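Q: I need the structure of the sequence given here:
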Amino acid sequence: MQLQEYFSVLLLAVVAAAFAGGTLVMSVVLGRWANRRIQARTTKIKNIPYECGMLPVGEANTRMSVKFYLVAMLFILFDIEVVFLYPWAVVYKEMLATNAALIFGSMISFLGVLFIGYVYALKKNALDWKS
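A: Predicted coordinates:
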């Protein structure tokens, strides 16, 4: 293995680390410098959180229903399962010539399990977080 081929990757990693570190250091330095200059002009009104022109009213951390998080996890689960379709689609043409029944059967069984999970989630009203 020739290490010369990895020099560009090492150089990219060094530049990325230097950029990240430099950005952090500059934000601290400029923040302290700007804070000293602006300190005299700061008022209580200027220090409140600002969002969309509205004054902050109420509690910032509202409680969400568990169903909301369940829907989010199910979305991630089904999304990841669909990602498994891509490698199958890539090798489909090659395997079709040698093992047509194997590749088709494996995908039908995979989609069957995915469909059963989707029907189960629908029956349990897991995809409706408002109720």
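
Q: secondary structure element holding Asn61?
A: Following DSSP states H and E, one finds Asn61 outside all helices and strands.

Q: now it: how far from Lys124?
A: Asn61 sits 28 Å away from Lys124, going by CB to CB, to the nearest Å. To be clear about C-beta, it is placed using only N, CA and C from the backbone, and glycine gets the same treatment.

Q: neighbour-wise, which of those two wins?
A: When Asn61 and Lys124 are compared for neighbours, Lys124 comes out ahead with 10 against 5, by other CB atoms under 10 Å.

Q: and the helices in this structure?
A: 7-38, 66-83, 85-98, 100-123 (DSSP state H).

Q: separation between Met26 and Arg32?
A: Where Arg32 is concerned, Met26 sits at a distance of 11 Å (CB to CB).

Q: centre-most residue in this structure?
A: In the chain, the centroid-proximal residue (CA atoms, centre = their mean) is Ile76; its distance is 9.6 Å.

Q: residues contacting that one?
A: Listed by CB atoms under 8 Å, 6 or more residues apart in numbering, the contact set of Ile76 is empty.

Q: so what's it scoring on pLDDT?
A: Looking at Ile76, its pLDDT reads 88.

Q: please apply the same query to Leu11.
A: At Leu11, pLDDT is 94.

Q: how much space between it and Ala18?
A: 11 Å.

Q: ok, now Phe75?
A: Separation of Phe75 from Ala18 (CB to CB) stands at 38 Å.

Q: for Asp128, same thing?
A: Counting by CB to CB - Asp128 and Ala18 are separated by 49 Å.
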